[in-house]
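Visitor: Everything below, folded, please.
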Amino acid sequence: MIDYTAISMWHGTAEDDFTPRPPLDGPTDVDVAVVGAGYTGLWTAYYLKKADPSLRVVVLEKEVAGFGASGRHGGWCSARFATPREKMAEIAGRQGVIDMQQAMFDTVYEIARVVETEGIECDYHVGGNLVFATNRAHIDTVRGKVLSERSLGFGEEDFRLLGPDEAREFVPVAGALGAIYCPHSARVHPTKLARGLARVVEGLGVPIYERTPVLSLGHGGVLTPAGRVKAGVVVRATESYTVELPGMRRSLVPVYSLMISTEPLPDTVWEQLGWTSHATWSDGRHLIIYVARTADGRIAMGGRGTPYHRGSLVHPAYEQDPAVFTMLKTVLGGLLPPVAEARVTHTWGGAVAIPRDWTTSAGYDKAAGIAWAGGYVGNGVSTTNLAGRTLTDLILGTDSPLTALPWINHRSPDWEPEPLRWLGVNLATKMMASADRVEARTGRRSNRAALTQRLIGR
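Guide: The predicted structure follows:
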């Protein structure tokens, strides 16, 4: 039996009973079968039952609710949409980009509304998000980002360029040369949100069958070890685990993102830091890092850099990489020197799902009876909520502004067969790390980043 409290710091501090709910015990017949009890599946079940309480909805989960990325991410709920703006503009034009971003802004506050209304205790706090310029090469990046947002009509109330002193008033990052600040972002305890939402969904009359793997899904239902679940609609809400379904191995690339967290820091350290805000933050490097201050006084930090595993394999062994954990601890100490000696109490990781064209999508094939959402590229906390509301409207045939958004029914191409994708993804990771080293040393932007983006089709 898996010790679910040991999966991550978030699971260990959730103070929840992870005893699995009973599995499905035989064939059944429902209106909607949701595959996956992460955020996408739970939000979809929630909004479906709110919209039509008569619907027979079930959720099927291989492990327990909040087992995957939903329960172990970086503690951000940001308004970022993963698809690069240029790609979104190619799909839907300038207005489509604006509509998508506004929908993401709104989603941060919609989650706040539900959390308060349903009494989900998950440390949700809207405190904004910053991207710091921590070397001179980043300055052009953050300025260019703000100029791009201005060209779309987003003003100071959405994206603000901060000077060094103003940026360090939010978070005292050593050597910060400025930052972008977006107020539409929240800190959250991932596991508490997932587990609390699962209980709310159950309270609406939706059974959640845990330890119930789905062997295959298709028109008319899904197959489990306990028998077939007949369903008018099947919702595939499996994110990185999608690659384990028949015929889906090349649909996404699961790339691991790893995390560390410190012990709860004493008040004296927080006073020394001068970090009084609860804004989440990152910086302008290409090999992404992300940082959050937790409600219990820890610092949680994650980042990319661990290799992609050939065959799109997902395995618990890949959640531990001592070299990456050491790198994260070193980077944290460099950015926040007063915590350089803080004890790291937890190390963990999870897989981020990347589509071949880096385009997140949600859709519904009515003829096939299949709905889906995913390919969040690590930006799924808020996007999953938008997905749940959108899939609800699509499944119920409700025309709404959500069903007109440009990510609807997008189909990403498959990744290349092995060993090409193994070579390409890992080469891209090395090139991004190299570009970061060059930029930190020279203070000038490296063309290796642009080459990498072309290599991976971003």
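
Visitor: in this protein, which spans are helices?
Guide: In order along the chain, the chain carries the following helices (DSSP state H): 9-13, 39-51, 69-72, 85-118, 136-151, 164-170, 190-203, 267-273, 322-335, 380-396, 420-442, 447-456.

Visitor: counting contacts, what elements does the fifth one pack onto?
Guide: Okay, so that is helix 136-151. strand 129-132, strand 160-162, strand 179-182, helix 420-442 (3 or more C-beta pairs under 8 Å, 6 or more residues apart in numbering; DSSP states H and E). To be clear about C-beta, it is placed using only N, CA and C from the backbone, and glycine gets the same treatment.

Visitor: Pick the most buried one from the helices of the chain.
Guide: helix 69-72 (a mean of 27; mean count of other C-beta atoms under 10 Å).

Visitor: hey, C-alpha coordinates of the helix or strand of the chain with the lowest mean pLDDT in CSV?
Guide: The helix or strand of the chain with the poorest confidence is helix 447-456; it has a mean of 71 (mean pLDDT, DSSP states H and E). The C-alpha trace of helix 447-456 is given here as CSV (Å, rounded to 0.1, in the frame of the first residue of the first chain):
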residue,chain,number,x,y,z
ASN,A,447,20.5,32.7,-29.1
ARG,A,448,20.5,29.2,-27.8
ALA,A,449,17.1,29.8,-26.3
ALA,A,450,15.6,30.7,-29.7
LEU,A,451,17.2,27.7,-31.3
THR,A,452,15.7,25.5,-28.6
GLN,A,453,12.2,26.9,-29.1
ARG,A,454,12.5,26.0,-32.8
LEU,A,455,13.8,22.5,-32.0
ILE,A,456,10.8,21.7,-29.8
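
Visitor: Ok, which of the helices of the chain comes nearest Y256?
Guide: Nearest of the helices of the chain to Y256, taken as C-beta to C-beta: helix 322-335 at 8.7 Å.

Visitor: Just give me how far the closest one sits from the chain centre.
Guide: Averaging C-alpha positions (C-alpha atoms, centre = their mean, to the nearest Å) puts helix 322-335 21 Å from its chain's average.

Visitor: before we move on, what about stretch 256-267?
Guide: Taking the mean of its C-alpha atoms, stretch 256-267 sits 18 Å from the chain's own mean (C-alpha atoms, centre = their mean).

Visitor: Check stretch 43-63 too.
Guide: 21 Å.

Visitor: what does stretch 391-398 contact?
Guide: Contact partners of stretch 391-398, identified using C-beta atoms under 8 Å, 6 or more residues apart in numbering, comprise 32, 44, 47-48, 51-52, 233, 235, 362-364, 371, 373, 399-400, 402-403, 408.

Visitor: And for stretch 359-369?
Guide: 81-83, 87-88, 91, 218-220, 231-234, 355, 370-377, 379, 383, 386-387, 390-391, 394-395, 407-412.

Visitor: and that stretch, how far apart are its ends?
Guide: Using C-alpha to C-alpha, to the nearest Å, the span of stretch 359-369 from its first residue to its last is 22 Å.

Visitor: Could you pull up the mean pLDDT of it?
Guide: Stretch 359-369 shows a mean pLDDT of 97 in the predicted model.

Visitor: returning to what we had before: of the contacts of stretch 359-369, buried ones?
Guide: Buried residues within the contacts of stretch 359-369, counting neighbours by 16 or more other C-beta atoms under 10 Å: 81-83, 87-88, 231, 233-234, 355, 370-377, 379, 383, 386-387, 390-391, 394-395, 407-408, 410, 412.

Visitor: quick one, strands of the stretch 251-400 of the chain?
Guide: Residue ranges of the strands in the stretch 251-400 of the chain, as given by DSSP state E, counting those that start in this stretch, are 253-262, 280-283, 289-293, 299-303, 344-354, 361-365, 370-374.

Visitor: got these as a markdown table, with distance to G205 columns?
Guide: Listed next are the strands of the stretch 251-400 of the chain as a markdown table, based on distance: least, C-beta to C-beta, whole Å:
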| stretch | distance to G205 |
| --- | --- |
| strand 253-262 | 33 |
| strand 280-283 | 35 |
| strand 289-293 | 34 |
| strand 299-303 | 35 |
| strand 344-354 | 30 |
| strand 361-365 | 23 |
| strand 370-374 | 20 |
